[in-house]
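Engineer: need a 3D model of the sequence below.
(one chain, ligands or ions: 2)
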Amino acid sequence: MNDQTRIDQDRAERTEKLQGMGCKRKRVEDIRFTQGKGSYVDDLKLPGMLFGDFVRSPHAHARIKSIDTSRAKALPGVIAVLTAADLKPLGLHYMPTLAGDVQAVLAEEKVLFQNQEVAFVIAVDRYIASDATELVDVEYEALPCIVDPFKSMLPDAPILREDIQDKMTGAHGPRKHPNHIFEWMIGDKEATDAVFANADVTIKEMLVDHRTHPSPLETCQSVASFDKVKGELTLWGTFQAPHVIRTVVSLISGLPEHKIHVIAPDIGGGFGNKVGAYAGYVCSVVGSIVLGVPVKWVEDRMENLSTTSFARDYHMTTELAATKEGKILAMRVHVLADHGAFDACADPSKWPAGFMNICTGSYDIPVAHLAVDGVYTNKASGGVAYRCSFRVTEAVFAIERAVELLAHKLGMDAAELRIKNFIKAEQFPYQSALGWEYDSGDYHTAMKKAMDTIGYKELREEQARKREAFTRGETRELMGIGISFFTEIVGAGPAKNCDILGIAMFDSAEIRIHPTGSVIARMGTKSQGQGHETTYAQIIATEIGIPADDIMIEEGNTDTAPYGLGTYGSRSTPVAGAATAVAARKIKAKAQMIAAHMLEVHEGDLEWDVDRFRVKGLPEKFKTMKEIAWAAYNSPPPNMEPGLEAVNYYEPPNMTYPFGAYFCVMDIDVDTGVAKTRRFYALDDCGTRINPMIIEGQVHGGLTEAFACAMGQEIRYDEQGNVMGASFMDFFLPTAVETPHWETDHTVTPSPHHPIGAKGVGESPHVGGVPCFSNAVNDAYAFLGAGHIQMPHDAWRLWKVGEKLNLHQ
Ligand code: PCD
Ligand SMILES: [Cu+]
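Structural biologist: Ligands and ions are numbered 1, 2, ... in the order given. Just a heads-up that it's a prediction; the model follows:
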């Protein structure tokens, strides 16, 4: 072995020991999760703790004539019953929403959706509380309700929000009708209209991204404990954004922020559901303040599905204009957004329709115009991301269905049409017509790799043969090939663009090296299952050369973690991941000064080598990070403060734009409507990959949720506003039995502005997956003249498509 080989081998061994970036490090949190040793909100048991449960409205729209709590209060074990009348003197019967609206905590004069919170019973155990809810006598006078958002703004529509009836200007500008929330417009209307007026080919379709729900396995819950002597409140909860919750609690309760301790322990999935604030949080807090003992609130499944934040419900009239050769010239979209009874959408303050304006997708479309109208209906409020950042799933669904419809109209291959219109690698950073600057991308390379791997040409040939055989009556099966080439936008966000309730959307990391060279690091984000304890440690390991196993990651305690805006919108990697790298680099810079002092050389004479600083040209003279850590506490250079720690609040200069090429092959039995996914191939590009195994897990999870949304999951309402999808009997939650096999792949196009080049990935598979499934279904029926088939594509609905097309014999 020569010297160089020995050096290389030694370096490789030391690198491997770190388990840093790029390593398929096993998830450290799974040691407790797989043994059932996680610690969730409902595991918390405090002395004297009481339990709360809600009385909920059976009506979708009704006036409350009276509430009588006397029978409930008389039940042994019931301690208190709260109604709006109790909260009103405290100014807490309404709470602010993230979208600039207010939302009833407990209904006062009216209920506006089925299962709305009307009273909160507090008892010594959950069962008594639940029994007592049935003893609260509420007299209702039913009112006509609005379920169809298209009827919301009719002149004779019943007025839903009497509390803001006369306020004709809302948080996002003028309101056109008492049931109207906002109109949001972006792009160049005149230029877009002009292109449409003269275009060779146009398509126009109403694309519905139906109402659904993130439905994490663990429902929303909280425990509030108020210490009357200290005047301090501790609030444990399933919070994706603990610091924001602390600020909100301080603002609405008047308690000083430093006397509020918010703790998010282990969380059993969030998926956007746990970003906002819910009535249960407020009622547990009020209950504890009033009674002086801890109060726990835990939702059941029906409450979760029918009252906490829904997702989607976007009705998108989508148009494209193109040349005969298939060059897309313009896009025009109008969205009617059904927000339910209160506008509680979880979006950055200035974005009433989230990042819907990413809807020009991966294509170089010169002009576009987007208008969104938000309306109230008698449904639960919300409008959360559900595994996509702020309406990106909706946007990608619109463009990816639209290009397919255009391809069909032009008689062109759908992959070819996409390739023809892709933004080219040399166009990045790319300025989109609707106002975003895409940081980096190489779409052509990704698409080619995907098409080659899946054998696209052969699949189309097979499909052609199958179609002929179907026409000849030799098979009852239709073959669909679904494509989606998506561009995501994650990592909110630059302060100039994005804030939550006025707080700029930065994020943070604090890293502290102990004298023996082990580490604790804390971030402003909060894992709900993503694996942050594993991956942040990998970033630090690579940056400062301490093994990931010696680094502990802590999140979710607002007393110890630096302020951050939380985990959603795949922002942890783009923002807190960047903060982590920057904080680590500050430590490394100080470590270099200490090493120089120890080795009695000038700093500039040192070079970094995996886990140590070496003197250039004298490889045997070095100090490892561990030795430097000890010296930082034992003998720092004169005039340098001892210790080795750093904090960084990172304000990203731009979002990151992950992308991917997805293909789905589906076989559908026309007679039963049963669709079988034969293959699903997902190529993701999330820039630098921190942990390939975690990424693969994220993609599997996101695709499974995409499969659920596209193929069956729905929160439906009947004409009276009864919610139809509020249990797992009716709401499709795929298990291992239904879930297809996933093939994953990747390309790597680093983000040019992120310190380690990483982009988010957690949402991508969902964002790209939903249109891919829907395109596969639509592609299967397209040659029969089916037109656009709305989601969800469950067997019953697909059977009806066959019926409508007269395919059934
Ligand atoms: N490049 C890269 C990226 C990433 N990664 C990884 O992966 C993960 C993810 O990431 P992101 O993308 O950044 O994200 P985040 O922030 O962390 O998270 C969030 C997301 O995440 C996802 N995923 C998940 N998973 C689990 N398990 N659970 C949950 O809950 C969940 N959720 C979902 C959602 S819905 Mo939203 O909220 O709707 O907005 S948004 C979301 C993490 O661990 C990290 O580290 C790596 O490795 N690399
Ligand atoms: Cu979304």
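
Engineer: surely residue 75 is in contact with residue 130?
Structural biologist: No. Using CB atoms under 8 Å, residue 75 makes no contact with residue 130, being 10.9 Å away. All C-beta atoms are positioned from the backbone trio N, CA, C, and that covers glycine.

Engineer: okay, and the closest residue to residue 151 other than its chain neighbours sits in which element?
Structural biologist: Excluding the flanking residues, the one nearest residue 151 by CB to CB, 6 or more residues apart in numbering is residue 157, at 6.1 Å. Using DSSP states H and E, residue 157 sits within no helix or strand.

Engineer: same deal with the one 3 residues further on?
Structural biologist: Assigned by DSSP H and E, residue 160 belongs to neither a helix nor a strand.

Engineer: now the nearest residue to it once chain neighbours are set aside, what are its backbone angles?
Structural biologist: Ranked by CB to CB, 6+ apart and with sequence neighbours excluded, the top spatial neighbour of residue 160 is residue 376, at 4.7 Å. Dihedral angles of residue 376 (phi, psi; degrees, to the nearest 10) stand at phi -90, psi 140.

Engineer: burial count for residue 376?
Structural biologist: Residues near residue 376, counting by other CB atoms under 10 Å, number 29.

Engineer: which residues touch it?
Structural biologist: For residue 376, the contact set (CB atoms under 8 Å, 6 or more residues apart in numbering) comprises 112, 146, 152, 160-161, 179-181, 339-343.

Engineer: among those, which ones are buried?
Structural biologist: Among the contacts of residue 376, the ones that count as buried by 16 or more other CB atoms under 10 Å are 112, 146, 152, 160-161, 179-181, 339-343.

Engineer: next, the buried residues of the longest helix along the chain.
Structural biologist: In the chain, taking DSSP state H as the definition, the longest helix is helix 578-599. Neighbour-count burial for helix 578-599 flags 578-584, 587-588, 590-599 (criterion: 16+ other CB under 10 Å).

Engineer: Serialize the buried ones among the contacts of residue 376 to a markdown table and add fields for secondary structure, pLDDT and distance to residue 134.
Structural biologist: Written out in a markdown table, the entries for the buried ones among the contacts of residue 376 read as follows (DSSP: H, G, I helix; E, B strand; the rest coil; pLDDT from 0 to 100; distance: CB to CB, whole Å):
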| residue | secondary structure | pLDDT | distance to residue 134 |
| --- | --- | --- | --- |
| 112 | coil | 98 | 22 |
| 146 | coil | 98 | 29 |
| 152 | coil | 98 | 33 |
| 160 | coil | 98 | 27 |
| 161 | coil | 98 | 29 |
| 179 | coil | 98 | 33 |
| 180 | strand | 98 | 37 |
| 181 | strand | 98 | 35 |
| 339 | coil | 98 | 31 |
| 340 | coil | 98 | 26 |
| 341 | coil | 98 | 24 |
| 342 | coil | 98 | 26 |
| 343 | coil | 97 | 32 |
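
Engineer: got a list of what residue 732 touches?
Structural biologist: Residues near residue 732 by CB under 8 Å, 6+ apart: 708, 711-714, 792, 794.

Engineer: ok, of the residues you listed, which one's closest to ligand 1?
Structural biologist: Nearest to ligand 1 out of these is residue 708 (CB to the nearest ligand atom; 13.2 Å).
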